[in-house]
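**Q** this is a predicted model, with the sequence first.
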Amino acid sequence: MMLLIDAGNTRIKWAVAEPGAAPGDWLAHGSFAHDDGAALPAVLAAHPGIRRVLGSNVAGPALGVALDATLAAVGLRAEWLASTAERAGVRNGYGEPGQLGTDRWAALIGARRLHRGPCLVVSAGTATTADVLDADGLFRGGVILPGVGLMLRALARNTAQLPFADGHFSDVPRNTADAIVTGCLHAQAGAVERMFRPLAEQPGALCLLTGGAAGRFADLLQVPLRRVDNLVLIGLATVAGEGPQPAAMG
């Protein structure tokens, strides 16, 4: 068995799977907060057959050290994904491939496994990213913008009369809370749709949408759309299927 770890900015997602399992065909999966020190030991105790650990960590070195220590206590060593020039049929178009966040890299690899046509890979979490992946597997580049929650908090923190809004989307908002939420959701959907435009006329073009905040604006998107859970973990499983990484990082 293998353990896949997606250490994001807010939470840690994980899955246990057999090598070669189909995308999303996990034996178990879940998530936990960064400060939940009992969560990973519980996962390891529940699955004593784990022999390999592959992860993506964009939450910082301190969290990586803590995860490594927990794994080492049961005799496991994590392979932390590195963003490289090419992997699993995806070519990295960044000027410096290593600068690309490993969560975005894994999501692109997962997207390539699920869809062989051109696609826009959108991850909606603490930040929202929208990355262009050509039909031939070339990652051309993408954008990063504040996620829905960050946008709402920024308005509450930096404006005197706009509170953190617990409002709802409305076509024409008639109160401040709805106006704030609607504006933030339009900003998310608008960015995605603008990034999709160069792909729109290409055969089979699709937007793959993942992440915890995806449901906030998915229904607003007027592009061919497929919702995918745990796209980063799917990408990690794909990498694991190729064997040991050529550029593993500890």
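**A** That came through, no problem. A quick note: this is a predicted structure, and the numbers were derived from the prediction, not measured.

**Q** what packs against the helix or strand bottoming out on mean pLDDT in the chain?
**A** The weakest-scoring helix or strand in the chain, judged by mean pLDDT, DSSP states H and E, is helix 148-158 (a mean of 84). Counting contacts by 3 or more Cβ pairs under 8 Å, 6 or more residues apart in numbering; DSSP states H and E, helix 148-158 is packed against helix 176-196. All C-beta atoms are positioned from the backbone trio N, CA, C, and that covers glycine.

**Q** ok, and what's touching the helix it packs on?
**A** Residues external to helix 176-196 that are found in contact with it (Cβ atoms under 8 Å, 6 or more residues apart in numbering): 120, 122, 124, 128, 130, 132, 142-143, 145, 147-148, 151-152, 155, 162-163, 165-170, 173, 205, 207, 209, 216-217, 220-223.

**Q** buried subset of those residues, written for ChimeraX?
**A** Of those, the buried ones go into a single ChimeraX selection, burial set by 16 or more other Cβ atoms under 10 Å:
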select :120,122,124,128,130,132,142,147,148,151,152,155,162,165,167,169,173,205,207,209,216,217,221,223
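
**Q** then G142 would be within a helix, right?
**A** No: assigned with DSSP: H, G, I helix; E, B strand; the rest coil, G142 falls outside any helix and is strand.

**Q** what's the spacing between the residue in the chain sticking out farthest from the centre and T182?
**A** Centroid-distance maximum for the chain: R174 at 34.0 Å, with Cα atoms, centre = their mean. In this view, R174 and T182 are 10 Å apart by Cβ to Cβ, to the nearest Å.

**Q** related to what we said a few turns ago, the least confident helix or strand of the chain vs helix 176-196, what angle?
**A** 130 degrees (axes from the mean of the first three to the mean of the last three Cα atoms, to 10 degrees).

**Q** any idea which element the residue farthest from the centre of the chain lies in?
**A** With elements delineated by DSSP states H and E, R174 resides in a region that no helix or strand encompasses.

**Q** quick one, helices of the chain?
**A** Listed in chain order, the helices of the chain (DSSP state H) span residues 39-46, 61-72, 102-114, 148-158, 176-196, 214-217, 231-241.

**Q** got the CA positions of the longest one in CSV?
**A** Backbone C-alpha positions of helix 176-196 (Å, rounded to 0.1, in the frame of the first residue of the first chain) are rendered in CSV as follows:
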residue,chain,number,x,y,z
THR,A,176,-24.3,44.6,1.5
ALA,A,177,-23.6,41.0,2.5
ASP,A,178,-25.0,39.6,-0.7
ALA,A,179,-23.1,42.3,-2.7
ILE,A,180,-19.8,41.3,-1.2
VAL,A,181,-20.3,37.6,-1.7
THR,A,182,-21.6,38.0,-5.2
GLY,A,183,-18.7,40.3,-6.2
CYS,A,184,-16.1,37.8,-4.9
LEU,A,185,-17.8,34.9,-6.7
HIS,A,186,-18.0,36.8,-10.0
ALA,A,187,-14.3,37.6,-9.7
GLN,A,188,-13.5,33.9,-9.4
ALA,A,189,-15.7,32.9,-12.2
GLY,A,190,-14.6,35.7,-14.4
ALA,A,191,-10.9,34.9,-14.0
VAL,A,192,-11.6,31.2,-14.9
GLU,A,193,-13.6,32.1,-17.9
ARG,A,194,-11.0,34.6,-19.2
MET,A,195,-8.3,32.0,-18.8
PHE,A,196,-10.4,29.4,-20.7
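
**Q** ok so, going back, chain center to the least confident helix or strand of the chain: distance?
**A** In terms of Cα atoms, centre = their mean, to the nearest Å, the centre of helix 148-158 is set 21 Å apart from its chain centre.

**Q** out of the helices of the chain, which is closest to N92?
**A** Between N92 and those, the tightest spacing by Cβ to Cβ is seen for helix 102-114, at 7.1 Å.

**Q** OK, contacts around A33?
**A** Contacts for A33 (Cβ under 8 Å, 6+ apart) come out as 11-12, 39.
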